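1. Next input, structure requested:
(chains A and B)
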Amino acid sequence: MSEPKDSCVQPARGIIGKPPSADIPATPAQEVNVELARVGQKAPDFEAGAYFGGGFKNVRLSDYAGKWVVICFYPGDFTFV
Amino acid sequence: MEVLSLSTDSRFVHKIWQEEELSKMVDGGVPFPMLSDAGGKIGRAYGVYDEAAGVDIRGRFIIDPDGVIRAMEVLTPEVGRNVDELLRQVKAFQHVVKTGEVTPSGWQPGTPTLKPGPSLVGKVWKEWQPRIIYK
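-> Numbers count the residues shown, from 1 in each chain, chains lettered A, B, ... in the order given. Below is the predicted model:
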């Protein structure tokens, strides 16, 4: 477990909202309070644990700034379609 | 173009799915990160989380280099997607960003594009016909 990028244990942050203002303490509700995805608007940023290239790491959408990105949701591994 | 896939499965399940099944469909396995949306928090923000079933339904989003969503397609689970149409849309958006032209219905790389402006009003028929695409 010395590999820092390996997120086998460390949970990812999920949706990353606007940083809470300094005078209001952060709450979980505020952290997930982001705009719903719409075409023509900024894509909600997120961080998630991932399996890639034989290992585990956390992936953040904003790491891909400057590139075209396709994100695909699907109902589940080992399903049929 | 980079691809990220997401489902509510854990990254450990993704590993076994890749090893047991996907690697037998695609040589070397799928070449992109498989993300875990445990709890559906990300799917909720993208409007694809089915609260009753507890899973993300099929949704795909094309995001440009500025982080703006250019296209979205959301399907109920029974019908799979068409990669050709996804790639066509990505190529069309890339072309539009590069050239400032616009791509008519059914556009494919190499077929005519349109240059919007006063002189094109009422004259699209001269530049583009459905038979160009659907012959």
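2. what about the strands in the chain?
-> Here I'm looking at chain A. A:14-15, A:46-52, A:55-60, A:69-73 (DSSP state E).
3. other chain: chain B
-> B:2-7, B:34-36, B:49-50, B:55-56, B:58-63, B:69-75.
4. that older thread, TSV for the strands of chain A, including distance to chain B and mean pLDDT?
-> Placement of C-beta: from N, CA and C, glycine included. What follows is these, written out as TSV (distance: least, C-beta to the nearest C-beta, whole Å; pLDDT from 0 to 100):
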stretch	distance to chain B	mean pLDDT
strand A:14-15	4	87
strand A:46-52	4	97
strand A:55-60	5	96
strand A:69-73	4	97
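5. For chain A, give me the ranges with low pLDDT.
-> A:1-10, A:18-34 (pLDDT under 70).
6. 50 - rerun?
-> For chain A, the stretches with pLDDT under 50 are A:1-3, A:29-30.
7. can you tell me how far the spatially closest residue to A:Phe78 that is not a sequence neighbour sits from B:Arg81?
-> Once flanking residues are discounted, A:Phe78 sits nearest to B:Trp17: 5.9 Å by C-beta to C-beta, 6 or more residues apart in numbering or on different chains. Separation of B:Trp17 from B:Arg81 (C-beta to C-beta, to the nearest Å): 18 Å.
8. Which of those two has more residues huddled nearby?
-> Counted by other C-beta atoms under 10 Å in any protein chain shown, B:Trp17 and B:Arg81 do not tie: B:Trp17 has more neighbours, with 21 against 15.
9. Looking at that one now. What's its pLDDT?
-> pLDDT for B:Trp17: 96.
10. same thing with B:Leu114?
-> The model's pLDDT for B:Leu114 equals 88.
11. Likewise for B:Val124?
-> pLDDT, read off for B:Val124, is 87.
12. so it sits right up against B:Pro116, yeah?
-> No - between B:Val124 and B:Pro116 there is no contact under C-beta atoms under 8 Å: 9.8 Å.
13. Find the least confident helix or strand in chain B, judged by mean pLDDT.
-> When each helix and strand of chain B is scored by mean pLDDT, DSSP states H and E, helix B:130-133 comes last, with a mean of 67.
14. so who does the residue nearest to B:Arg58 when sequence neighbours are not counted touch?
-> Counting by C-beta to C-beta, 6+ apart, B:Arg58 lies nearest to B:Leu75, which is 4.3 Å off, once chain neighbours are set aside. Contact analysis of B:Leu75 by C-beta atoms under 8 Å, 6 or more residues apart in numbering or on different chains lists B:57-59, B:81.
15. what's the answer for B:Gly40, then?
-> Contacts of B:Gly40 by C-beta under 8 Å, 6+ apart are B:8, B:49, B:51, B:54-56.
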